[in-house]
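Undergrad: have a look at this fold, sequence not included:
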């Protein structure tokens, strides 16, 4: 096999095994066997199992980097585009997302990927106060995780997303904006 094809075979085998057995339950011997190569060949491509795991989960961890949403003045539109653009990807890769959540800390030298994702998410909502930003992120993350862990069909998830936006997120954002305007008026009057 050529180098790229070998790496792809290793990553495909590893993804399947990590999803089935978890990080700790998967060995490099199993990955090599599943990929149809020797363990020595595996280590020519990846220095350690953790490197393979990080490559496997990279699409999920970097989903906010790939987000085609500009930081906008209209935070409602930002939230809508974020959910629409990435929700389908996360639902299509739900087994991989489950793996990331369940194996959110790989090793001593690594930072927690979930924390990194939340930090990236926070960057999209810097216009909000800290407490407001945290509440919004918890709502979005909870919605996404419920879509990952609770079985639903895609059309149902999209309908639920619209309901969440209209019934919960938009009124919440309106209250944040209204609260900020009241604070400005109190400051002016003082």
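TA: Perfect, I can see it now. Fair warning: this is a prediction, and the values are worked out from it, not measured in the lab. Residues are numbered from 1 along each chain as shown.

Undergrad: measure the nearest residue to residue 103 once chain neighbours are set aside to residue 51 for me?
TA: Excluding the flanking residues, the one nearest residue 103 by C-beta to C-beta, 6 or more residues apart in numbering is residue 23, at 4.6 Å. Placement of C-beta: from N, CA and C, glycine included. Relative to residue 51, residue 23 is positioned 12 Å away (C-beta to C-beta, to the nearest Å).

Undergrad: and these two? which has more neighbours close in?
TA: residue 23 (20 against 13; other C-beta atoms under 10 Å).

Undergrad: and that one, which of the three is it?
TA: Classification of residue 23 using DSSP: H, G, I helix; E, B strand; the rest coil returns coil.

Undergrad: list the contacts for it?
TA: 49, 53, 99, 103, 106 (C-beta atoms under 8 Å, 6 or more residues apart in numbering).

Undergrad: quick check: phi and psi on it?
TA: With angles defined as degrees, to the nearest 10, residue 23 sits at phi -70, psi -50.

Undergrad: also the one 3 residues further on?
TA: With angles defined as degrees, to the nearest 10, residue 26 shows backbone torsions of phi -110, psi 130.

Undergrad: where does the closest residue in space to it that isn't next to it in sequence fall, secondary structure wise?
TA: Nearest non-adjacent residue to residue 26, counting by C-beta to C-beta, 6+ apart: residue 17, 4.4 Å away. Per DSSP states H and E: residue 17 is located in helix 3-21.

Undergrad: give me the average confidence score over the host helix or strand of residue 118.
TA: Using DSSP H and E, residue 118 sits within helix 113-123. Confidence over helix 113-123 (mean pLDDT, whole number) is 74.

Undergrad: next structured bit after that helix?
TA: Once the chain leaves helix 113-123, the next helix or strand it forms, by DSSP H and E, is helix 130-149.

Undergrad: what angle sits between that next one and helix 113-123?
TA: Interaxial angle, helix 130-149 versus helix 113-123 (axes from the mean of the first three to the mean of the last three C-alpha atoms, to 10 degrees): 130 degrees.

Undergrad: who does helix 130-149 touch, helix- and strand-wise?
TA: helix 75-92, helix 94-102, helix 113-123, helix 154-164, helix 170-189 (3 or more C-beta pairs under 8 Å, 6 or more residues apart in numbering; DSSP states H and E).
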